[in-house]
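Trainee: Got a predicted structure plus its sequence, pasted below:
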Amino acid sequence: MAEQSSDSSPLVLVVDDFQDNREMFAEFLSLSGFRVAEASTGREAIDRGFELLPDVILMDLSLPELDGWEATRQLKNDPRTRHIPIVALTGHALADHSREAREAGCDAFLTKPCLPEVLVVEIRRMLDRRQAKA
């Protein structure tokens, strides 16, 4: 599990059931100056979210045990984590999926495959938005 960069760098929780995807995104985000933690299931995403209180969560929607939609709902319904921006990162590309992800509480929606540069731009946008609200 990657957790690099300085302690003051934003922490991104990467949630994906495919290890290759997690490792690829974690590596690129680390090289882009973020600290990174990982989770492979919806249940683990919730546990890690409560434990780490990351600055942003990248949430795959098709996950074992508990899907990303339900994990997002639970994180957004808890006062400890409702302020954390969640970016849906999924292979579900239909317009209905984007709407459903937003209804579940996702703050943004990106489809896979997603260029790492696009992902970094979206994460920075979420961080800027969150800071502007503070």
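Mentor: Right, received. Where do you want to start?
Trainee: Nearest to the spatial middle of this protein, which residue is it?
Mentor: residue 58 (1.4 Å; Cα atoms, centre = their mean).
Trainee: Confirm that it sits in a strand.
Mentor: Yes - counting by DSSP: H, G, I helix; E, B strand; the rest coil, residue 58 is part of a strand.
Trainee: For it, which residues are in contact?
Mentor: 12-16, 25, 87, 89, 119, 123 (Cβ atoms under 8 Å, 6 or more residues apart in numbering). Where you see a C-beta, it was placed from the backbone N, CA and C, and this is true even at glycine.
Trainee: and the longest helix along the chain, what other elements does it pack with?
Mentor: Ranked by residue count and defined by DSSP state H, the top helix of the chain is helix 116-133. With contacts taken as 3 or more Cβ pairs under 8 Å, 6 or more residues apart in numbering; DSSP states H and E, helix 116-133 sits against helix 19-31, strand 56-59, strand 86-90, strand 108-111.
Trainee: please redo it, this time with the cut-off set to 10 Å
Mentor: Where contact means 3 or more Cβ pairs under 10 Å, 6 or more residues apart in numbering; DSSP states H and E, helix 116-133 is packed against strand 11-15, helix 19-31, strand 56-59, strand 86-90, strand 108-111.
Trainee: can you list contacts of the helix-or-strand element of the chain with minimal mean pLDDT?
Mentor: Ranked by mean pLDDT, DSSP states H and E, the helix or strand of the chain with the weakest confidence is helix 95-104, at a mean of 79. Contacts with helix 95-104, where a contact means Cβ atoms under 10 Å, 6 or more residues apart in numbering, come from 59, 61, 67-76, 86-92, 94, 106-111.
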